[in-house]
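Peer 1: no sequence on this one, just coordinates:
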């Protein structure tokens, strides 16, 4: 759908006005803070103008500013960096290591010289600017479970960010999360020896295990399921494809209201307008794609919403398949999705399994 750039101005303005007092936040997708390793960065994100790939969340940015001030107070001058921009050693690549470096040397001069060698961004010539635009962002409203479709923040959110007026150049996703602050996991956490705990590290470890397996034999959906359990990457989503324009806006309002009322999963999101697409991608998540009962429950709840989409087909794709880069022409001919369904004109939707999810063979 062709949309003039001025059609996106209202959403662009709403994004620019998101603040700490807003009921919704900006999430910087797939961006890890190089200080505390949180992913995604929520709220303000700061990017170094000199280093090749250095991003900080707001607390870590403030910690760096405080370190610069302390260095100036103790030494009278922040020493210039002696490191190659963007190429700090692994030992000193995180703010947690930077903080430890402050106390590693015997005297203030040595201490700050060591830190400057390890941390290029300590040099005041390295300007860290707030990232205020770009497609690596999502705007997300977080509500308590069962907040209700009539929650005032939901109405304001839907009015401020209609997907038909959100360019993917400004925001990749518009999302709603309906989860407690510390939800009890629906499935067991990985046991001892299961691998790293941070999400990005678990994704990297799963991808490495997949590549190692693929070097020996063609991997299967069952292999992906084993990795999903091993690395606790069990989430998945139903994907709908509403046409751009009124159809997408109406579908998003219905799905977001159902999620706020607690009738779907804990997260839903819809993509912005993409120049090369005539539709949007609307995702409805479940916490465990191996839990066929819950996958079916969410499918039935979607079918009960009475959505009227030109394309009634729904696909269910596990997140592990995305992490393993299984797309439309997946590795070894593997389908990226494992279930499909069709929104009904009336009655109950039929669905079927695609390929082999092999739940019975997966350790729980």
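Peer 2: Arrived safely, thanks for sending. Quick caveat, the model's predicted, so the values are computed rather than measured. Numbering: from 1, shown residues only.
Peer 1: all contacts plus neighbour counts: C-alpha atoms, from now on.
Peer 2: OK.
Peer 1: what's residue 328 in contact with, if anything?
Peer 2: By C-alpha atoms under 8 Å, 6 or more residues apart in numbering, the contact list for residue 328 reads 335-336.
Peer 1: state the pLDDT value of it.
Peer 2: Residue 328 is assigned 73 on the pLDDT scale.
Peer 1: and the strands in this structure?
Peer 2: For the chain, strands defined by DSSP state E occupy the ranges 24-28, 41-42, 45-48, 55-57, 128-130, 137-143, 173-178, 236-240, 267-271, 282-286, 313-318, 339-342, 351-353.
Peer 1: and the ones you listed as CSV, adding mean neighbour count?
Peer 2: Shown next, in CSV, are the strands of the chain (neighbours: other C-alpha atoms under 10 Å):
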stretch, mean neighbour count
strand 24-28, 22
strand 41-42, 22
strand 45-48, 22
strand 55-57, 26
strand 128-130, 17
strand 137-143, 23
strand 173-178, 24
strand 236-240, 24
strand 267-271, 25
strand 282-286, 25
strand 313-318, 22
strand 339-342, 20
strand 351-353, 13
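Peer 1: who's in contact with residue 45?
Peer 2: By C-alpha under 8 Å, 6+ apart, the contact list for residue 45 reads 28, 55-58, 130-131.
Peer 1: name the nearest of these relative to residue 325.
Peer 2: residue 28 (20.6 Å; C-alpha to C-alpha).
Peer 1: gap between the closest one and residue 137?
Peer 2: The gap separating residue 28 from residue 137 is 5 Å, by C-alpha to C-alpha, to the nearest Å.
Peer 1: do the same with residue 281
Peer 2: For residue 281, the distance to residue 137 (C-alpha to C-alpha) stands at 16 Å.
Peer 1: over to residue 66?
Peer 2: In this view, residue 66 and residue 137 are 27 Å apart by C-alpha to C-alpha.
Peer 1: burial check on residue 249, number of neighbours?
Peer 2: A total of 20 residues lie near residue 249 under the criterion other C-alpha atoms under 10 Å.
Peer 1: which non-adjacent residue is nearest residue 285?
Peer 2: residue 237 (4.0 Å; C-alpha to C-alpha, 6 or more residues apart in numbering).
Peer 1: state the pLDDT value of the one you found.
Peer 2: For residue 237, the pLDDT comes out at 97.
Peer 1: these two touch, right, it and residue 321?
Peer 2: No - Residue 237 is beyond contact range of residue 321, at 11.1 Å (criterion: C-alpha atoms under 8 Å).
Peer 1: just to revisit the earlier point, closest one to residue 199 among the strands of the chain?
Peer 2: From the strands of the chain, taking C-alpha to C-alpha, the stretch that ends up closest is strand 41-42, at 13.1 Å.
Peer 1: quick one: which of the contacts of residue 45 is nearest residue 243?
Peer 2: Distance to residue 243 across the contacts of residue 45 (C-alpha to C-alpha) is lowest for residue 28, with 25.9 Å.
Peer 1: quickly list what the closest one is bridged to.
Peer 2: residue 41, residue 137 (DSSP bridges).
Peer 1: from the middle of its chain, how far away would stretch 113-125 be?
Peer 2: Distance of stretch 113-125 from the chain centroid (C-alpha atoms, centre = their mean, to the nearest Å) equals 30 Å.
Peer 1: which parts of that stretch are buried?
Peer 2: For stretch 113-125, burial by neighbour count (16 or more other C-alpha atoms under 10 Å) applies to 113-123.
Peer 1: need the helices for the stretch 101-250 of the chain, in chain order.
Peer 2: Along the stretch 101-250 of the chain, counting by DSSP state H, counting those that start in this stretch, helices occupy 108-118, 152-160, 199-214, 221-230, 246-260.
Peer 1: make a markdown table from those and add distance to residue 316 and mean pLDDT to it.
Peer 2: Shown next, in a markdown table, are these (distance: least, C-alpha to C-alpha, whole Å; pLDDT from 0 to 100):
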| stretch | distance to residue 316 | mean pLDDT |
| --- | --- | --- |
| helix 108-118 | 45 | 69 |
| helix 152-160 | 25 | 95 |
| helix 199-214 | 20 | 91 |
| helix 221-230 | 13 | 95 |
| helix 246-260 | 16 | 96 |
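Peer 1: with distance to residue 48 added, can I get those in a markdown table?
Peer 2: Below are these laid out as a markdown table (distance: least, C-alpha to C-alpha, whole Å):
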| stretch | distance to residue 48 |
| --- | --- |
| helix 108-118 | 15 |
| helix 152-160 | 31 |
| helix 199-214 | 21 |
| helix 221-230 | 35 |
| helix 246-260 | 36 |
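Peer 1: and of those helices, who's closest to residue 179?
Peer 2: That would be helix 246-260 among these, by C-alpha to C-alpha, at 9.7 Å.
Peer 1: what does that closest one rub up against?
Peer 2: 143, 145-150, 154, 158, 162-164, 176, 178, 242, 264-268, 270, 279-280, 282, 302, 305, 307-309.
Peer 1: next, the angle from that helix to strand 282-286.
Peer 2: Here helix 246-260 runs at an angle of 20 degrees relative to strand 282-286 (axes from the mean of the first three to the mean of the last three C-alpha atoms, to 10 degrees).
Peer 1: how far off strand 236-240 does helix 246-260 point, in degrees?
Peer 2: Going by the same axes, to 10 degrees, helix 246-260 makes 150 degrees with strand 236-240.
Peer 1: gap between helix 246-260 and the chain center?
Peer 2: Averaged C-alpha coordinates place helix 246-260 at 20 Å from its chain's average position (C-alpha atoms, centre = their mean).
Peer 1: could you give me the buried positions within it?
Peer 2: Buried, per 16+ other C-alpha under 10 Å, within helix 246-260: 247-253, 255-260.
Peer 1: kindly calculate the angle that it makes with strand 173-178.
Peer 2: Using the same axes, to 10 degrees: helix 246-260 against strand 173-178 is 20 degrees.
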